[in-house]
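Participant: below is the structure, and that's it, no one-letter string:
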């Protein structure tokens, strides 16, 4: 349950910067030293008291997603053949991004867990149709890409 809460926080943060910064390269400036830390401090102040282990996992997902955003967006774009990233609803786009980060770069988390968590979050924050769409894309990422570490397929 703690990791789901952390994933929800990660989604909220990613959605927040996507909403204010745009859905593309503008987000990458958060990878600059100090920028992400400053924004996270503000985010956690707004979120209220949060256990450190929840913050740590959420921050890993956030930082990893931002650090690998270009590759993650490329993979999603290739799989969602008839959908441009800007056409995908922002909430769904950011659920996909965070889950894709886990699928591609976190070999310690089983793919089924990542996909299930993403679907539960989609059902809570988006629509039933979105959950189905997200499931299809994440399943293909899991099957086609497999876990990677530091950009290399394992």
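Facilitator: Yep, that arrived. Treat the numbers as computed from the prediction; the structure is a model and nothing was measured.
Participant: so where's the longest helix in this structure?
Facilitator: For the chain, the helix with the greatest residue count under DSSP state H is helix 2-21.
Participant: okay, residue 24: pLDDT?
Facilitator: We note a pLDDT of 53 for residue 24 in this prediction.
Participant: residue 108 should be in a strand, yeah?
Facilitator: No - assigned with DSSP: H, G, I helix; E, B strand; the rest coil, residue 108 falls outside any strand and is coil.
Participant: just to revisit the earlier point, so what secondary structure elements neighbour the longest helix of the chain?
Facilitator: Packing partners of helix 2-21 (3 or more C-beta pairs under 8 Å, 6 or more residues apart in numbering; DSSP states H and E): helix 35-47, helix 52-67, helix 90-105, helix 111-125. Any C-beta I mention is one placed from the backbone N, CA and C, and that applies to glycine too.
Participant: in TSV, list the ones you listed along with mean pLDDT, distance to residue 74 and mean neighbour count.
Facilitator: Shown next, in TSV, are these (pLDDT from 0 to 100; distance: least, C-beta to C-beta, whole Å; neighbours: other C-beta atoms under 10 Å):
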stretch	mean pLDDT	distance to residue 74	mean neighbour count
helix 35-47	88	21	14
helix 52-67	95	13	18
helix 90-105	96	10	25
helix 111-125	96	19	17
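Participant: dump the ones you listed to CSV, plus distance to residue 135.
Facilitator: Below are the helices and strands packed on helix 2-21 laid out as CSV (distance: least, C-beta to C-beta, whole Å):
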stretch, distance to residue 135
helix 35-47, 28
helix 52-67, 19
helix 90-105, 10
helix 111-125, 6
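Participant: need the contact list for the residue nearest the centre of the chain.
Facilitator: Taking C-alpha atoms, centre = their mean, the centroid of the chain lies closest to residue 98, which sits 1.3 Å from it. Residue 98 is in contact with 7, 10-11, 14, 61-62, 65, 118, counting by C-beta atoms under 8 Å, 6 or more residues apart in numbering.
Participant: distance of it relative to residue 10?
Facilitator: 5 Å (C-beta to C-beta, to the nearest Å).
Participant: and residue 114, by the same measure?
Facilitator: 12 Å.
Participant: same thing with residue 119?
Facilitator: When residue 119 is compared with residue 10 (using C-beta to C-beta), they lie 15 Å apart.
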